[in-house]
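Engineer: Below: sequence and its predicted model.
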Amino acid sequence: MTTVDGLAHGLAVALQPSVLIYSLLGAVLGTLVGVLPGIGAMAAITLLLPITYYISSEAALVMLAAVYYGAQYGGAVASILLRLPGTPQSAVTTLDGYPMAQQGRAGVALFTAMISSFAGSMLGIVILVLLAGWLSGLATSFGAADYAAMMVMGLVAASTIGEGRLAKSLAMVVLGVILGCVGTDVNSGAQRFTFGQVQLIDGINLVALAMGLFGLAEIIGNIRKAERDGPPARVSLRELVPTRDDLRRMVAPITRGTALGGFFGALPGTGSTISSFLSYALERRVARQPERFGKGAIEGVAGPEAANNSASITAFVPTLTLGIPGDPIMALMLGALVIHGIQPGPMMLEANPDMFWGLVVSFGIGNLFLLVLNLPLIGIWVSMLRIPFRWLYPAIIIFVCLGVYSVRGSTFDIVMVAAIGAIGYALTQAAFSPALLLLGFVLGPLIETNLRRALLVSRGDPMIFLERPIACGFVIATFALLIYGFVKRSDQGSQASSVAD
Amino acid sequence: MRRDLYDLGWGAALAVTGFTVAGYAWASYDMGSLRRMGPGFFPVTLGLLLAGLGALIAIPAMSRPGRFRPFAWPETITVVTALLVFGLALDRLGILLTTALTVLIASSVAPRGGLGWRLVLSAAVTALVWVVFLRGLNMSLPVWPGAPR
C-alpha cells in the first residue's frame, strides 16, 4: 500500500463516527489530566485501559493515543501559570513560561505552547509515516537474535538516559523483567512463581501493576504536595495574540525542536521528556543573547513544546513497526494492542492497515481539534487549575478500584493494587524509577522468547549475537551506553557529594 | 544521616530478592541447556543479575552520607486501607455504599480537615459512579447490600 492510499484508507477509518468520537474524547480527557497537576497521562491511560475492553480496537488505541498527546498540550498550561508541571514532559516549559506569565504575558506563552505543540505534532506525523515505512521494510530482515539484542539495548538506553544512579535504574528494569516471568511460561507451559495461586496463572495483570505504580503511588506522594495556595491569574482570549516579533522568534525554535524530538522520540529508550530538555539546551546555545533564557524567552517555550509533541508522535515508530515500546507509556499502548489481539511488528502495516493508518490520520485530526478547541477554551482549562487536589484524589481512588475490578471481576486484584501502590510509592521515595520497572515488565517476556529462539537457531552458540551484523551493532551500542552511563554517573556522583559537603 | 540508609536498605533488599528468585527458580524449574533453555534459565540469570545490582547499590551507600527524605506514612496507610475496604466491602455492601465509605476514608488524610466537604464529596463521587459505571458503561456490579449482580 502506498502512502497516499494508506492515508486515504486511514482517513476513512478515523472519520468513522465511532472512532472520531473517541479521538475527540481522548483529546479532551488528555488535556484535562495534563492541566491537573498530580495526574499524568500515564495514570489516565492506565485508568482508561479497562474501559477499552468495551470498544473496538481502533477506537481504543485512537483514544489512548489522544490522551497521550492531549496531555502534552494540557501540561503546558499548569507549567506556565503555576510553575507546576502538569506532566514531566512540560517541566522545561516552566523555565521561561512562568517568567512570561509573571510579566503579564501568560496568554502569549500559552499561545506559543499550543501553536508549537501543534506544529511539532504535525511534522512529527510526517516523520512517523516516512520512518515507519522504511523501518518496517528493514525490520522484515530482523531475526530473533536481532530483536533480543535491540530490546536489551532499549532497556539499557532507558536506564542510562534517565536520572539517578545507573545501578538503581538497571535494578528496576531487571526487577520488572522478573515480574514479567510470573505466570505460565509460553515455551514450556511450566507455571513460574505462581505459588499455586489461580489468579497468577496468566501472570501479573498489566492494569493492576500500572495502576499501582502510577495511579496510587502518585496519589500518595501528591496528597500534600499538589495542594496549592492562591488561584492562578485569569487569561482572556485577547491576551493570546502574539506580536509580530513573537511570531518571528518562534519559527526557528519550532523547526529545530521538531527535528530533535522526531529523532529522539523514534529511538527506543529515549522519550519526549529528554527531547524537551535537549531542545531547551540547544535553543540557549544557539541564541544570540543566552542571558534572556530563564527570564521569559519565547524560544524557551516554543522549542521544547515542539520537541516533546514531535517525540510523542514518533515514539509510535518503534512501537508499531518493531513491537518495541520506547517508553513506559508506549509499553501501555503495546499492552492495549495485545489485549485487542493485535501483535505490533513489521507485519502490522500489511496485516492491520486499519489500525496503523487509522492511528496516523487520527493523530492529525486530534491535534487539529486540540488547537481549534483549546485556544477558545483556555479560560476553562485555567479555571480547572482552581480545583484542589483533595477533591480529586478520592474520586481517582474509586476509579482505580473499579477499573481494576472490571478487568476480570476479581477483588484479589484490588488488594494487589494496594500492595503494588505502597511498594511503588516507597520506591519513588527512595529515588527508584517505577517507569523503568514497567518497561522491563512489558519487554521481559518478548526478550525471553526471542533469546530462546535465537539460541535454538544457533544450536546454543551465543556467538550468534556477534555474528549477525544487526545484532552485533545493538550489542556494541548496549556496551557503549553502559560505559557512557557509568562515566556520566560517577561524574555526577562526585559533583553531588562535593555539593553535599 | 552518616550513611545513605535508603540505598543501603533497598540495595540489600533487592540483593536478597535476587538470590531468593534465583534459588527458588534453580530448585523448582528445569534449567535446560543453552540450546534448549528450560523455564528456569531466564529467572535464575535475572535473579543473579538483580543480586549483583543490589550489591552495587548497597556497597557504595555505606561510605556515602545520605539525606533524610520524609515518608508520607499517614497517606500511604490511609490509601491502602481505603482500597482494602473497597475490596472487602464491594460484594457485601454493594457499589454505592462501598464508594461512599471509601471516599470518606480516603479523604480523611487531606490537608484540610472537617467533615462537611468530605460528606459532599462522597455523595458526589457516589452519584458519578452511578451515572458513569452503572448507567453509562452498564458494568455488572452488586448495587445494594445483598443484591445479586
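Structural biologist: Here it is on my side, so go on.

Engineer: Quick check, central residue of chain A?
Structural biologist: Geometric centre of chain A, nearest residue: residue A:329, 3.9 Å, by Cα atoms, centre = their mean.

Engineer: Any idea which residue of chain B lies closest to chain A?
Structural biologist: residue B:35 (3.0 Å; Cβ to the nearest Cβ). Yep, even glycine has a C-beta here, placed from its N, CA and C like the rest.

Engineer: what secondary structure does that residue sit in?
Structural biologist: Secondary structure for residue B:35, judged by DSSP: H, G, I helix; E, B strand; the rest coil, is coil.

Engineer: Setting aside sequence-adjacent positions, which residue approaches it most closely?
Structural biologist: residue A:460 (3.0 Å; Cβ to Cβ, 6 or more residues apart in numbering or on different chains).

Engineer: What of residue A:283?
Structural biologist: residue A:303 (4.3 Å).

Engineer: Also residue A:419?
Structural biologist: residue A:212 (7.2 Å).

Engineer: likewise residue A:148?
Structural biologist: Here the residue nearest residue A:148, using Cβ to Cβ, 6+ apart, is residue A:450, at 3.9 Å.

Engineer: Tell me if I'm right that that neighbour and residue A:147 touch.
Structural biologist: Yes - Residue A:450 is in contact with residue A:147 according to Cβ atoms under 8 Å; the separation is 4.4 Å.

Engineer: low-scoring pLDDT stretches of chain B, where are they?
Structural biologist: B:1, B:147-149 (pLDDT under 70).

Engineer: Where is the longest helix in chain A?
Structural biologist: Counting by DSSP state H, the longest helix found in chain A is helix A:106-139.

Engineer: Spell out which residues belonging to the stretch 201-350 of chain A are near chain B, please.
Structural biologist: A:216, A:219, A:220, A:221, A:223, A:224, A:227 (Cβ under 8 Å from any Cβ of the partner chain).

Engineer: Under the pLDDT cut-off, which ranges of chain A? List them.
Structural biologist: In chain A (pLDDT under 70), the answer is A:1, A:37-38, A:86, A:162-163, A:226-234, A:269-271, A:489-501.

Engineer: Tell me which residue in it sits closest to chain B.
Structural biologist: Counting by Cβ to the nearest Cβ, chain A gets nearest chain B through residue A:460, at 3.0 Å.

Engineer: Helix, strand, or coil at that residue?
Structural biologist: Going by three-state DSSP: residue A:460 is coil.

Engineer: Let me see the contact set for it.
Structural biologist: By Cβ atoms under 8 Å, 6 or more residues apart in numbering or on different chains, the contact set of residue A:460 is B:33, B:34, B:35, B:36.

Engineer: can you put these in CSV and add distance to residue A:387 and neighbour count?
Structural biologist: Formatted as CSV, the contacts of residue A:460 follow (distance: Cβ to Cβ, whole Å; neighbours: other Cβ atoms under 10 Å in any protein chain shown):
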residue, distance to residue A:387, neighbour count
B:33, 60, 10
B:34, 57, 15
B:35, 60, 13
B:36, 58, 15
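
Engineer: Just to check, residue A:443 is in contact with residue A:327?
Structural biologist: No - with contact defined as Cβ under 8 Å, residue A:443 does not count as touching residue A:327 (11.5 Å).

Engineer: Looking at those two, which has the bigger crowd around it?
Structural biologist: residue A:327 (28 against 25; other Cβ atoms under 10 Å in any protein chain shown).

Engineer: So the more buried one versus residue B:39, what's the distance?
Structural biologist: 30 Å (Cβ to Cβ, to the nearest Å).

Engineer: Domain boundaries for chain B, per the record?
Structural biologist: As given by automatic domain parsing, the domain ranges for chain B are B:5-62, B:73-136.

Engineer: Out of the ones you listed, which gets nearest to residue A:237?
Structural biologist: domain B:73-136 (30.7 Å; Cβ to Cβ).

Engineer: For that closest one, measure first residue to last.
Structural biologist: 37 Å (Cα to Cα, to the nearest Å).

Engineer: what does stretch A:334-354 give?
Structural biologist: 16 Å.

Engineer: And it, what's buried?
Structural biologist: Using 16 or more other Cβ atoms under 10 Å in any protein chain shown as the burial criterion, the residues of stretch A:334-354 that qualify are A:334-337, A:339-340, A:342, A:344-346, A:348-349, A:352-354.

Engineer: Repeat that for stretch B:101-112.
Structural biologist: B:101, B:102, B:103, B:104, B:105, B:106, B:107, B:109, B:110.

Engineer: And the residues of the stretch 201-350 of chain A next to chain B, which of them are buried?
Structural biologist: Buried among those by 16+ other Cβ under 10 Å: A:216, A:219, A:220, A:221, A:223, A:224.

Engineer: How is the fourth one assigned, secondary-structure-wise?
Structural biologist: What three-state DSSP gives for residue A:221 is helix.

Engineer: I'd guessed it sits against residue A:424; true?
Structural biologist: No - using Cβ under 8 Å, residue A:221 is not in contact with residue A:424; the gap is 9.4 Å.

Engineer: Spell out which residues of the stretch 1-150 of chain A are next to chain B.
Structural biologist: Residues of the stretch 1-150 of chain A lying near chain B (Cβ under 8 Å from any Cβ): A:51, A:54.

Engineer: tell me the phi and psi of the residue of chain B positioned farthest from its centre?
Structural biologist: In chain B, the greatest distance from the average C-alpha position (Cα atoms, centre = their mean) is reached by residue B:35, at 37.9 Å. When read as degrees, to the nearest 10, the backbone of residue B:35 gives phi -70, psi -40.

Engineer: what sits against it?
Structural biologist: A:455, A:456, A:459, A:460.

Engineer: Report the buried members of the residues you listed.
Structural biologist: residue A:455.

Engineer: want to throw the buried ones among the residues of the stretch 201-350 of chain A next to chain B into CSV with distance to residue A:166?
Structural biologist: As requested, those are arranged in CSV below (distance: Cβ to Cβ, whole Å):
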residue, distance to residue A:166
A:216, 27
A:219, 29
A:220, 27
A:221, 24
A:223, 31
A:224, 31
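
Engineer: Count residues in the vicinity of residue B:63, would you?
Structural biologist: So residue B:63, with other Cβ under 10 Å, has 9 neighbours.

Engineer: Not counting residues beside it along the chain, what's closest to it?
Structural biologist: residue B:3 (7.6 Å).

Engineer: One more: residue A:238?
Structural biologist: residue A:107 (7.6 Å).

Engineer: wait, doesn't the one you found sit right on residue A:243?
Structural biologist: No - using Cβ under 8 Å, residue A:107 makes no contact with residue A:243, being 11.6 Å away.

Engineer: higher neighbour count, these two?
Structural biologist: In this view residue A:107 and residue A:243 are compared by other Cβ under 10 Å, and residue A:107 has more residues nearby, 21 against 11.

Engineer: quick one on the thing from earlier: where does the residue nearest to residue A:283 land in three-state SS?
Structural biologist: Note that with three-state DSSP, the state of residue A:303 is helix.
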